[in-house]
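K.L.:
Provided below for reference: sequence and predicted model.
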Amino acid sequence: MVWKQDLAKLRQQLEEEPKAPPKPLPKPVPKPTGPKDLGEEDAVFLAAMGHKPPPPERRPEVKASEPVVPSAPPPPMKLETFQAALEDLKGLKPLGRPSVLTAQTKPLPPPQPPPPEPPPPRPAAAPVLLPTPAAASPAAPPSGTPALPMLPPQRFQLAAGMAIEVDGVLDLRGHSRSDAMERLKDRLGDGAVLGWRTLQVILGPAPDLHEALLELLGSGEIPMVSRYAQAPIPMGGNQAWLLYFGSSAS
């Protein structure tokens, strides 16, 4: 068969190839028989590291003819007590060891009392507030004494053709009776504060406003008015009035 022929050729080729020589076996490492000298091991280590080993020390040779004399043993040391050794040092005498009983029977110092605590700080005394004298109030009229009635303003007559300069003018024409009197009171208060001397009040022909003005002057509700008069013809005639503050007159 074909495969048998191929197998025969393969065997022939393997027989014709040269066989390689066998590899030599490694030499067996001798086992150490005993401990080596340290000098030899150091020399081997230094040689492996590339250093030169130091020269070996030379030991003195002992001649066989010379007898070896053994060295004399040191003299035996005197057995001395610690107390005797202290006596030999510069004439010092050992100190007597205190007994345990004397140390225990020694009286203890009496305990000291603790320092006294400082007294607490006293609170500051509150300032004594003296009563302030009350402001002297105006003496009230004694009971049973009737109060003096306020005098109404005085009416006087002016010349019909004269003209007077006034500090203020109030026109109440077309207002109701109550509204006109309230406006008049407000204007008189302003004039008293501003220091006016005269005020011209224009009422027009309505008789109820003239009656309300005369009633207000007689009631004492406007004490800042001291006198009043009918206005002259150039200043309104019988349709206006001139009111004077305080006691001033033109």
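P.N.:
Yep, that arrived. None of the values given here were measured: they were computed from a predicted structure. Residues are numbered from 1 along each chain as shown.
K.L.:
can you list contacts of the longest helix belonging to the chain?
P.N.:
Identified as the longest helix of the chain according to DSSP state H is helix 177-194. Surrounding helix 177-194, the residues in contact under the criterion C-beta atoms under 8 Å, 6 or more residues apart in numbering are 167-168, 170, 172, 175, 199, 201, 203, 208-209, 212-213, 216, 221-222, 224-225, 243, 245. Every residue, glycine included, has its C-beta placed from N, CA and C.
K.L.:
in that helix, what's buried?
P.N.:
180-181, 184, 187-188, 191 (16 or more other C-beta atoms under 10 Å).
K.L.:
type out the PyMOL command that picks the buried ones from the contacts of helix 177-194.
P.N.:
Listed next is the PyMOL selection for buried residues among the contacts of helix 177-194, using 16+ other C-beta under 10 Å:
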select buried, resi 168+170+172+175+199+201+203+209+212+213+216+222+224+225+243+245
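K.L.:
out of the contacts of helix 177-194, which sit inside strands?
P.N.:
168, 170, 199, 201, 225, 243, 245 (DSSP state E).
K.L.:
quick check: the fourth one touching residue 240?
P.N.:
Yes. The pair residue 201 / residue 240 is scored as a contact, 6.4 Å apart, by C-beta atoms under 8 Å.
K.L.:
got the contact list for residue 167?
P.N.:
Residue 167 neighbours (C-beta under 8 Å, 6+ apart): 191, 194, 196-199.
K.L.:
could you list the low-pLDDT ranges of this structure?
P.N.:
Applying pLDDT under 70 to the chain flags the ranges 1-2, 16-24, 26, 28-38, 51-107, 123-150, 247-250.
K.L.:
for it, just list every one of the strands.
P.N.:
Under DSSP E, the chain gives strands at 154-155, 168-171, 198-202, 225-230, 240-245.
K.L.:
relative to residue 6, which of these is closest?
P.N.:
strand 168-171 (155.5 Å; C-beta to C-beta).
K.L.:
got the contact list for the closest one?
P.N.:
183-184, 187, 191, 196, 198-202.
K.L.:
tell me the contacts of residue 245?
P.N.:
191-192, 196-199, 224-226.
K.L.:
quick one on the thing from earlier: distance to residue 40 added to the strands of the chain, as JSON lines?
P.N.:
As requested, these are exported to JSON lines (distance: least, C-beta to C-beta, whole Å):
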{"stretch": "strand 154-155", "distance to residue 40": "159"}
{"stretch": "strand 168-171", "distance to residue 40": "145"}
{"stretch": "strand 198-202", "distance to residue 40": "148"}
{"stretch": "strand 225-230", "distance to residue 40": "150"}
{"stretch": "strand 240-245", "distance to residue 40": "147"}
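K.L.:
hang on, isn't residue 205 packed against residue 237?
P.N.:
No. Using C-beta under 8 Å, residue 205 is not in contact with residue 237; the gap is 10.5 Å.
K.L.:
quick check, nearest of the contacts of residue 245 to residue 113?
P.N.:
Nearest to residue 113 among these, with distances taken as C-beta to C-beta, is residue 192, at 85.9 Å.
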